[in-house]
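> need a structure here:
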Amino acid sequence: MGRKKVKIAIVGVGNCASSLVQGIYYYGPEKKDQAIGLMHWEIGGYAPHDIEVVAAFDIDKRKVGRDLAEAIFAKPNCTKIFCPDVPKTGVTVQMGKVLDGFSDHMKNYPEDVTFVLADAKEPTQEDVVRILKESGAEIVVNYLPVGSEEATRWYAEAALKAGCGFVNCIPVFIASDPAWARRFEEAGLPIVGDDIKAQVGATITHRTLADLFKKRGVPVDRTYQMNTGGNTDFLNMLNRERLASKKESKTEAVQAVLPHRLDWENIHVGPSDYVPFLKDNKLAFIRLEGRLFGDVPMHIELRLSVEDSPNSAGVAVDAIRCCKLAMDRGIAGVLEGPSAFFMKHPPVQYADDVAWRKTEAFIRGDAPANENGELADAANA
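The predicted model follows:
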């Protein structure tokens, strides 16, 4: 008898989906004793190669109608190819619902770097629900472009109707919206969200430095984080009207670890510009200004260079498996620890070490941890 699978549906077959699918095959059984780049080899008995994509949706003509193994390498995807031999999956990418998933300004760029809408009939929600059910999908993974507020809610509704858990990798507030969180809980379905942190990315690095200042008694007076990249995500975000939730998500992720909130003019966190030749490489520039002993000023400046999409997939592979573990255990609603550890804008923000302890306790199946990430029995010992 074969291993148990984690059956997922992917919404948006872009760079992040490409890295995730590549990783499912890259981390095959033979890698168990030499798995580099994973936080966990197994979660609840599920290894990365136990994740199986059974349905996928996109709106680009170069992806719709193609096998997922081909679509993940189609333009405008430009992420690093670290597993070129992804076998045919038998999963055909279906036409998705457009809504606000496409920004009009992207029509003004060459086809190699932007979306090209497929000339195909958009599905009804009933169509998507049917596909999810017939495919056996258990979890919907949302990889829509930043700013896809209507489209994200549309697919979240479809997930509820199809009886699927939801992993929301983008900054549209579903898990952190009490009304949506309650609906998933009432439906008996888990949700992890919102807005995925990278494995070692700008947000987690910025938070770590801010926490270091706090623990060493250095107040943060001013700080910024400015990011540039050349993938479709950064091109999409040139439309500043799509950035409200993204900016809030990234800013709150940093504010949450500061002892005192900074006024708006003293903190800037968010995407800055699109540089085509960077492709999926993301450059982050981070600065923190503070005061040491004797009120003496100091500052740190850091430049971080990462391949953006594998950085995201390294976290998504764990978020998906935690969602499946919750389903196996009959746990519904927002997974508080995993959401705080894996996501920028969870319903409850915790310091990263606390969120990590809560997540590890969840994976082990221990009693719920308190607000410090300690087990209740240990805290009372």
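
> and the helices in this structure?
15-26, 68-71, 125-135, 149-162, 178-186, 202-215, 232-236, 244-255, 308-329, 336-342, 352-364, 376-380 (DSSP state H).

> most packed of these?
Highest mean neighbour count among the helices of the chain (mean count of other CB atoms under 10 Å): helix 336-342, with a mean of 26. In this view, the C-beta of every residue, glycine as well, is placed from N, C-alpha and C.

> ok now that one, how far from the chain's centre?
Centroid separation between helix 336-342 and its chain, computed with CA atoms, centre = their mean, to the nearest Å, is 11 Å.

> what packs against that helix?
On a contact count with 3 or more CB pairs under 8 Å, 6 or more residues apart in numbering; DSSP states H and E, helix 336-342 meets strand 190-192, helix 308-329, helix 352-364.

> the first one: partners in the sheet, and parallel or antiparallel?
Same thing as strand 190-192. strand 165-168 (parallel), strand 333-334 (parallel) (DSSP bridges).

> and the contacts of that strand?
The contact list for strand 190-192, computed with CB atoms under 8 Å, 6 or more residues apart in numbering, reads 165-168, 174-175, 180-181, 184, 319, 322-323, 326-327, 331-335, 338-339, 342-343.

> residue contacts, the residue of the chain positioned farthest from its centre?
Distance from the C-alpha centroid of the chain peaks at Gly294, with 41.5 Å (CA atoms, centre = their mean). By CB under 8 Å, 6+ apart, the contact set of Gly294 is empty.

> circling back: with distance to Met39 and mean pLDDT as added columns, please give the helices and strands packed on helix 336-342 in JSON lines.
Shown next, in JSON lines, are the helices and strands packed on helix 336-342 (distance: least, CB to CB, whole Å; pLDDT from 0 to 100):
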{"stretch": "strand 190-192", "distance to Met39": "14", "mean pLDDT": "98"}
{"stretch": "helix 308-329", "distance to Met39": "6", "mean pLDDT": "98"}
{"stretch": "helix 352-364", "distance to Met39": "9", "mean pLDDT": "97"}
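
> could you find the closest non-adjacent residue to Arg321?
Among residues not flanking Arg321 along the chain, Ile43 sits closest, at 3.9 Å (CB to CB, 6 or more residues apart in numbering).

> also Gly136?
Lys7 is the one closest to Gly136 (CB to CB, 6+ apart), at 5.1 Å.

> and that neighbour, what are its bridge partners?
Glu52.

> and it, what does it touch?
Residues counted as contacts of Lys7 (CB under 8 Å, 6+ apart) are Glu52, Val54, Ser135, Gly136, Ala137, Glu138, Ile139.

> just the buried members of the residues you listed?
Burial of the contacts of Lys7 was assessed by neighbour count (16 or more other CB atoms under 10 Å); the buried members are Glu52, Val54, Ser135, Ala137, Glu138, Ile139.
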